[in-house]
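Enquirer: Quick one, what's the 3D model for this:
(one chain, ligands or ions: 1)
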Amino acid sequence: MIERLRHWLHRHRHPIRYAQLDTLLHTQSLSREALLEKQRHDLADILDFAVTQTPYYAETLAPFLNHVPVELSTLPILHKALITQHMDDLLARDADRTQVKVGHTGGSTGNPLAFWYDDAKHELMRAGMMRSYMLSGWRPGQKILNFWGARQDVVPGGVFGAQFGDAIAAEHTIAAHEYTEEQLIEWAHFIQRYRPVLLQGYASILSEVARAVIENGLSMPKSLLGVYSTAEVLTDSQRQHMEQAFGCKVFNQYGSREIPNIACECRHGNMHVFTDMVMLESVPQKNKTGSNENRLLVTSLTNRLMPMIRYDIGDSGRLLGGACECGLPFPLMEMALCRQNDHIRTRSGKIVHPSYFNRLLYGKTQIRQYQWVQHSQSRIVLNLVAPQPLNADTLASLALSIHQDIDPQLSLEVHYFDHIPSTVSGKHRFVIGLA
Ligand SMILES: [Zn+2]
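Expert: All right, here's what the predicted structure looks like:
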């Protein structure tokens, strides 16, 4: 009863979000053929919009659109460096410039990126997330507990800012960018008291909470229907730990801040691509180490603020044929991403999530690549690829943040490189903790 009341109140507070959720649930009920037909239309519309509404695409895309039908695979790729260079020219002409905001991503591949967003895009993102949650059996109005590693999301204006401790939203967010062993146990006790239906958060944090639950023999509430893992690679052992500790299924979500809701796992463990929100391509490419990978390119079908066509998101994976027994019409994919996330550990026993270090570099878009490496408990090195060295003020403020937030004894060194080597698997590690 309380859940139904909460749902009703929440629906009234966020009418746009729920209208979008209704639309998304409708497209989910279409046949595979109808869905793909809609995707073709949506793609043609967004290409037309991009060319007529943005200076960037008017210049780069127009020459390719003379021949119909347009072959997506012939269009230029949008690399992160191009977004940084042409940020203003990617904003739609008719965008209300008093309403647009700049979001930041630390970039799992080590490229800080800025992008435009507004309230409408935020609402659609939340609607898409709700649809993904519903794959577990969750219904609007039921409780969600977020363990979030990115500090900026849990302040007012952040992804979860408006819902922080919001009883109507039935959603609570724990800022989990750093923690101790005692903290993990406290959070496990909070799960027991709060009795959420879903847990959501970074795989690295949720698997640490799971470890503490198992090691301390804590029982988890029967209310739990699913654990939504996001933002990071989810390893098989992390998944097993979480399913054992929380007694429910783990759902891996795929999306980014700049293009959310790309894909999500269903109850059968298959990852479905949300073809009503994105057009996803997998393109074979040689990586920096010379080996082949299937690079994922994402085209947002909904972003009419900052169109992103064939965006090189920095991950690899494959599109799969066939259907899933769950009955969803969305086609299948398989991730090959290996977003390595290491934690930094201090002498006082504090464990700091890698996203803290990404956050320190937000807005510093002159940085082309970065990597934080902890060499000892008293020394951390920031390796950078940047056209110019950071100025003295920036360096001083980075060191000050680290001393204030982490450990006054941790010394910071910055080294410059032409290129930061990838790991054996060909992936960039942006934070490397002590071995
Ligand atoms: Zn399925």
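Enquirer: Please count neighbours and contacts with C-alpha atoms only from this point.
Expert: Noted.
Enquirer: tell me which parts of the chain are close to the ion?
Expert: 266, 324, 326 (CA under 5 Å from the ion).
Enquirer: Out of these, which end up buried?
Expert: Burial by neighbour count, judged by 16 or more other CA atoms under 10 Å, picks out 266, 324 from the residues of the chain next to the ion.
Enquirer: and the residues of the chain next to the ion as CSV, adding secondary structure and pLDDT?
Expert: Formatted as CSV, the residues of the chain next to the ion follow (DSSP: H, G, I helix; E, B strand; the rest coil; pLDDT from 0 to 100):
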residue, secondary structure, pLDDT
266, coil, 96
324, coil, 93
326, coil, 94
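Enquirer: count of neighbours near the residue of the stretch 101-250 of the chain found nearest the ion?
Expert: Here the residue of the stretch 101-250 of the chain nearest the ion is residue 135; by CA to the ion that distance is 9.0 Å. Using other CA atoms under 10 Å, the number of residues around residue 135 comes to 17.
Enquirer: Next up, phi/psi of it, please.
Expert: Comment: the main-chain dihedrals of residue 135 come out as phi -60, psi -20, following degrees, to the nearest 10.
Enquirer: Surely it touches residue 268?
Expert: No. With the criterion set as CA atoms under 8 Å, residue 135 and residue 268 do not qualify as a contacting pair; they are 10.1 Å apart.
Enquirer: circling back: can you name the residues that contact the residue of the stretch 101-250 of the chain closest to the ion?
Expert: Under the criterion of CA atoms under 8 Å, 6 or more residues apart in numbering, the neighbours of residue 135 are 266, 267.
Enquirer: before we move on, back to that, ok, so of the residues of the chain next to the ion, who is nearest residue 414?
Expert: Each of the residues of the chain next to the ion was scored against residue 414 by CA to CA, and residue 266 proved nearest at 43.4 Å.
Enquirer: which residue is nearest the middle of the protein?
Expert: The residue at the geometric middle of the chain, judged as the C-alpha nearest the mean C-alpha position with CA atoms, centre = their mean, is residue 256 (3.2 Å).
Enquirer: In contact with that residue, which residues?
Expert: In this structure, residue 256 makes contact with 231, 262, judged by CA under 8 Å, 6+ apart.
Enquirer: ok, now residue 246?
Expert: Neighbours of residue 246 in contact, by CA under 8 Å, 6+ apart: 210, 220, 221, 224.
Enquirer: Residue 399 too?
Expert: In this structure, residue 399 makes contact with 411, 412, judged by CA under 8 Å, 6+ apart.
Enquirer: ditto for residue 376
Expert: Listed by CA under 8 Å, 6+ apart, the contact partners of residue 376 are residue 434.
Enquirer: and the gap between it and the ion?
Expert: Between residue 376 and the ion the computed distance is 45 Å (CA to the ion, to the nearest Å).
Enquirer: in the sheet, who's paired with that residue?
Expert: Per DSSP bridges, residues listed as beta-bridge partners of residue 376: residue 379.
Enquirer: The closest residue to residue 411 other than its chain neighbours: what's it in contact with?
Expert: What sits nearest to residue 411 in space, not counting adjacent residues and going by CA to CA, 6 or more residues apart in numbering, is residue 379, at 4.8 Å. Neighbouring residues of residue 379 by CA under 8 Å, 6+ apart: 410, 411, 412, 413.
Enquirer: same thing with residue 138?
Expert: Under the criterion of CA under 8 Å, 6+ apart, the contact list for residue 138 reads 197, 198, 225.
Enquirer: Surely the second one touches residue 143?
Expert: Yep, that's residue 198 we're talking about. Yes. Under the criterion of CA under 8 Å, residue 198 lies in contact with residue 143, with a separation of 6.6 Å.
Enquirer: and the nearest residue to residue 278 once chain neighbours are set aside, how far is that from residue 143?
Expert: In space, and not counting its chain neighbours, residue 278 is closest to residue 300: 4.6 Å by CA to CA, 6+ apart. In this structure, residue 300 lies at 29 Å from residue 143, with CA to CA, to the nearest Å as the measure.
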